[in-house]
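# Sequence below, structure please.
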Amino acid sequence: MFLKRAMTKSTGSYWDSIERLKNKIKTADAVVIGAGAGLSTAAGFAYSGKRFHKYFADFIEKYHFKDMYSGGFYPFETLEEHWAY
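All right, here's what the predicted structure looks like:
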């Protein structure tokens, strides 16, 4: 496989960037990490169970969803229903 454009940075400059980042982390008072998918699950958030059944009973009954996650990908007929979910 070939690249459509030439690489403009050498691996040396990347190592320099990594070293600078490492030094910034070592001297920082705090590090804030923004993360997406999977973080809530790792923190113990459950997508099914009592809470799901309590708040999503109407969607479970109508669509037979097994958890909140799968409902997020369901092709609802209207945007209103999608946003209601």
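# Run through the chain and note the low-pLDDT ranges.
Scanning the chain for pLDDT under 70 picks out 1-12, 35-39.
# what ranges do the helices span in it?
Per DSSP state H, the chain carries helices over the ranges 11-27, 39-42, 50-55, 57-63, 68-71, 79-84.
# how about the fourth one: buried residues?
Of the residues in helix 57-63, 59, 60 count as buried by neighbour count, 16 or more other CB atoms under 10 Å. To be clear about C-beta, it is placed using only N, CA and C from the backbone, and glycine gets the same treatment.
# Could I have the CA atoms of that helix written out in PDB?
Extracted in PDB, the C-alpha atoms of helix 57-63 (Å, rounded to 0.1, in the frame of the first residue of the first chain):
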ATOM      1  CA  ALA A  57     -40.100   0.000  30.600                       C
ATOM      2  CA  ASP A  58     -42.200   1.400  27.700                       C
ATOM      3  CA  PHE A  59     -39.300   1.000  25.300                       C
ATOM      4  CA  ILE A  60     -38.500  -2.500  26.600                       C
ATOM      5  CA  GLU A  61     -42.200  -3.500  26.200                       C
ATOM      6  CA  LYS A  62     -42.500  -2.000  22.700                       C
ATOM      7  CA  TYR A  63     -39.100  -2.900  21.200                       C
END
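# contacts for it?
Contacts to helix 57-63, defined as CB atoms under 8 Å, 6 or more residues apart in numbering, come from residues 52, 53, 65, 71, 74, 85.
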